[in-house]
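S.K.: Below is the sequence, then the predicted model.
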Amino acid sequence: MTDLISAFSQAFSFEALLANLVGVALGIVFGALPGLTAVMGVALLIPLTFGFSPVIAFSSLLGMYCGAIYAGSITAILVSTPGTSAAAATMLEGPKFTARGESLRALELTTVASFTGGIFSCFVLAAIAPQLAHFALHFSAPEYFSLGFFGLTIVATLAEGAMLKGCIAACLGMLIAMIGMDPLTGDMRMTFDCPQLINGVSLIPSLVGLYALSQVFITCEDVFKGKKLKAVHLSKTGLKLKDLWLVKKALLLGSIIGTFIGIVPATGSGTASFASYSEIKRHSKNPEQFGNGSMEGLAATESANNAVTGGALIPLLTLGIPGDVVTAVILGALMIQGMTPGPLLFQEQGPLVYSIFLSLLLANIFMLILGMASVRIFSRIVTIPGSILMPIVTTLCVVGGYALNNSTFDLCVMATFGILGYIMTKTGFPLAPLLLAMILESIIEVNFRRALSISNNDYSVFFTRPICAIFLAISVLILLNMIRKQIMALRGTKGKTC
């Protein structure tokens, strides 16, 4: 009870509330503008919040997360261009509302649906996470290794359709993470006599370069090509209460599907949205309306993609495994703040964990208020020229890369990863496996070597402990399933060419 009271006092302090509100507002801007993503926004915000207390920092980061996931649907509805990958399913219904003069109605429905999914996932997070953390207290080095290995196999699913490229990216990420001092022996690895690399490659400059600076390079291409979005005039007809009653089933179904898909690592908002859309269409009394501006379809997709936010935090906080790419970046923020996600986090820093739950709840409330209040200016936000936006983002990248250690070497790291991210994106290599492998490498390597040390180099320790064996078995099944899909895809391609 003491932890809960302390969490309330921290999450509802003026500074935390202000940080949360600003985070949501910035998230809406990042989500609404094509070229700026939720991952990019969170990565840029982390170094700017480093000097704040953990509660204030995570209030702003969670606000950014919720606001950006929600706002990706704005451009999808208004100009048929999803602001984030989470809004891809919104393209199935959203533009039809604008075409028939109901854009305001669609945007307000999107806001309410996103709020519903987000709030639902908050309560599930608060209910499930402590129980799962209690179970995970029984983990030791072999279990943590198998959990890290499971997370690494999840990396492969992030690159479905390009498994080989995903594996190459993951191997590169693990190789980069091994640079620096050996965590157990103290030997130097791949430092090339560079003293700045003794402690390894800094995570924040890497994140900023990989996800923010690389996107600046890509967006600059569009600027030079003269691509612009045209302003859209909103309709006058808004959402009515009876509309919400008609889509209540879609809101509930989307919230449930989104939350529980979010719990499964590496699935993400896009998967949740399409799965929810498919299910509500299958159960709808009016399936013929889908694809023509269905309110049920829009409500289901939007409640699902924001429900992922709470679900994705469950494996992150309890097991240290990110639920999606954004929570992978948030994992980096936790480590920078000196916290290690996992079951001990609930025991050692209970008030902080509960304040994170409350901050997520408040972020969804602010998202509803800001979304409904500022919905009429969305058509202007989406048309901010890239020639104005990109210099601002580049400045934030430089500030963020430099601020953590006040080091020009970190700026070189950021620039290197920016170029690397740009090349990988242009050549079809996914960025997420590289990032997650960099984060998971320490978990896998250290616990693997500790487990062998404890068991006197007996490898059977990984197969005789039930929890460890289960995680490894699931990992093998995931890999085999991915290989099966790749083989079937290759056979299908050969069949078409013949």
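M.R.: Arrived safely, thanks for sending. Residues are numbered from 1 along each chain as shown.

S.K.: Not counting stretch 2-12 itself, show me its contacts.
M.R.: 16, 53, 55, 59, 350-355, 357-359, 362 (Cβ atoms under 8 Å, 6 or more residues apart in numbering). Placement of C-beta: from N, CA and C, glycine included.

S.K.: Relative to Lys248, which of those is nearest.
M.R.: Leu362 (24.4 Å; Cβ to Cβ).

S.K.: Can you report how many residues lie near that closest one?
M.R.: 22 (other Cβ atoms under 10 Å).

S.K.: isn't it right up against Ala19?
M.R.: No: judged on Cβ atoms under 8 Å, Leu362 makes no contact with Ala19 at a distance of 10.2 Å.

S.K.: intersection of neighbour lists for the two?
M.R.: Residues touching both Leu362 and Ala19 by Cβ under 8 Å, 6+ apart: Ser59.

S.K.: starting at the chain centroid, how far to the helix or strand harbouring Leu164?
M.R.: Leu164 belongs to helix 163-177 when assigned by DSSP states H and E. Relative to its parent chain, helix 163-177 has a centroid offset of 19 Å by Cα atoms, centre = their mean, to the nearest Å.

S.K.: Which neighbouring elements make contact with it?
M.R.: Applying 3 or more Cβ pairs under 8 Å, 6 or more residues apart in numbering; DSSP states H and E, we find helix 163-177 packed against helix 141-157, helix 432-454, helix 466-497.

S.K.: Dump the second one to CSV, restricted to CA.
M.R.: The C-alpha coordinates for helix 432-454 follow below in CSV (Å, rounded to 0.1, in the frame of the first residue of the first chain):
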residue,chain,number,x,y,z
ALA,A,432,14.8,-3.8,-35.4
PRO,A,433,16.9,-7.0,-35.4
LEU,A,434,20.1,-4.9,-35.2
LEU,A,435,18.8,-2.9,-32.2
LEU,A,436,17.3,-5.8,-30.3
ALA,A,437,20.5,-7.9,-30.8
MET,A,438,22.6,-5.1,-29.4
ILE,A,439,20.4,-4.9,-26.3
LEU,A,440,20.0,-8.7,-25.7
GLU,A,441,23.6,-9.6,-26.3
SER,A,442,24.7,-8.9,-22.8
ILE,A,443,21.8,-10.9,-21.3
ILE,A,444,22.7,-13.9,-23.5
GLU,A,445,26.5,-13.9,-23.2
VAL,A,446,26.8,-13.2,-19.5
ASN,A,447,24.1,-15.6,-18.4
PHE,A,448,25.4,-18.3,-20.7
ARG,A,449,28.9,-18.1,-19.3
ARG,A,450,27.6,-17.9,-15.7
ALA,A,451,25.4,-21.0,-16.2
LEU,A,452,28.4,-23.0,-17.5
SER,A,453,30.5,-21.8,-14.7
ILE,A,454,27.9,-22.8,-12.1
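
S.K.: Got phi/psi on Pro183?
M.R.: With angles defined as degrees, to the nearest 10, Pro183 sits at phi -70, psi -20.

S.K.: quick thing: my sequence starts at 28, can you match it?
M.R.: In the new count, where the first residue is 28, that last one comes out as Pro210.

S.K.: That one contacts Glu472, correct?
M.R.: Yes: in this structure, Pro210 is within contact of Glu472 by Cβ under 8 Å, at 7.3 Å.

S.K.: after the worst-scoring helix or strand of the chain on mean pLDDT comes which helix or strand?
M.R.: Lowest by mean pLDDT, DSSP states H and E among the helices and strands of the chain is helix 405-408, with a mean of 64. Downstream of helix 405-408, the first helix or strand assigned by DSSP H and E is helix 413-430.

S.K.: Please report how far Leu89 lies from Tyr238.
M.R.: Per Cβ to Cβ, to the nearest Å, Leu89 is found 18 Å from Tyr238.

S.K.: any idea how far His145 is from Ser100?
M.R.: Residue 145: Gly, not His. 13 Å.

S.K.: Over to Ala70?
M.R.: Ala70 is 21 Å from Ser100, where distance means Cβ to Cβ.

S.K.: if you count what's nearby, which of these two comes out ahead?
M.R.: Ser100 (34 against 30).

S.K.: tell me the SS of the more buried one?
M.R.: Secondary structure, DSSP: H, G, I helix; E, B strand; the rest coil: Ser100 is helix.

S.K.: where's it relative to Phe124, distance?
M.R.: On the measure of Cβ to Cβ, Ser100 and Phe124 end up 11 Å apart.

S.K.: next one: Val335
M.R.: In this view, Val335 and Phe124 are 23 Å apart by Cβ to Cβ.

S.K.: and what of Met205?
M.R.: 51 Å.

S.K.: of the two, who's got more company?
M.R.: Set Met205 next to Phe124 and count neighbours by other Cβ under 10 Å: Phe124 wins out with 24 against 17.

S.K.: so for the helix or strand where the more buried one lies, what's the average pLDDT?
M.R.: Using DSSP H and E, Phe124 falls within helix 121-126. The average pLDDT within helix 121-126 is 78.

S.K.: I would like the residues contacting it, please.
M.R.: Residues contacting helix 121-126 (Cβ under 8 Å, 6+ apart): 100, 103-105, 107, 130, 132-133, 137, 259, 318-320, 325.

S.K.: Which ones among these map onto strands?
M.R.: Assignment to strands by DSSP state E places none of those there.

S.K.: List the residues that contact Ile55.
M.R.: Taking Cβ under 8 Å, 6+ apart, one finds 94-95, 97-98, 101, 394, 397-398, 401 in contact with Ile55.

S.K.: Who wins on neighbours among those residues?
M.R.: Neighbour-wise, the contacts of Ile55 (other Cβ under 10 Å) top out at Tyr97, 36 neighbours.

S.K.: Model confidence for that one, exactly?
M.R.: 85.

S.K.: That one in helix, strand or coil?
M.R.: Look at Tyr97: counting by three-state DSSP, its state is helix.

S.K.: how much space between the spatially closest residue to it that is not a sequence neighbour and Asp214?
M.R.: Of all residues not flanking Tyr97 in the chain, Ser141 sits nearest, at 4.1 Å (Cβ to Cβ, 6 or more residues apart in numbering). Look at Ser141 and Asp214: by Cβ to Cβ, they are 50 Å apart.

S.K.: who has more neighbours, these two?
M.R.: Using other Cβ under 10 Å, the more surrounded residue of Ser141 and Asp214 is Ser141, with 31 against 7.

S.K.: Where does the more buried one sit: helix, strand or coil?
M.R.: Ser141 - assigned by three-state DSSP - is helix.

S.K.: what about the strand or helix carrying Leu48, average pLDDT?
M.R.: When elements are assigned from DSSP H and E, Leu48 belongs to helix 41-59. For helix 41-59, mean pLDDT rounds to 87.

S.K.: Just the C-alphas of it, formatted as CSV.
M.R.: The C-alpha coordinates for helix 41-59 follow below in CSV (Å, rounded to 0.1, in the frame of the first residue of the first chain):
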residue,chain,number,x,y,z
PHE,A,41,3.2,18.8,-11.3
GLU,A,42,6.5,18.0,-13.1
ALA,A,43,5.4,14.5,-14.1
LEU,A,44,2.0,15.7,-15.3
LEU,A,45,3.5,18.4,-17.4
ALA,A,46,6.1,16.0,-18.8
ASN,A,47,3.3,13.6,-19.7
LEU,A,48,1.2,16.2,-21.3
VAL,A,49,4.2,17.6,-23.4
GLY,A,50,5.1,14.0,-24.3
VAL,A,51,1.6,13.3,-25.6
ALA,A,52,1.6,16.5,-27.6
LEU,A,53,5.0,15.8,-29.2
GLY,A,54,3.9,12.3,-29.9
ILE,A,55,0.8,13.5,-31.8
VAL,A,56,3.0,15.7,-33.9
PHE,A,57,5.6,12.9,-34.6
GLY,A,58,2.8,10.4,-35.3
ALA,A,59,0.9,12.7,-37.6
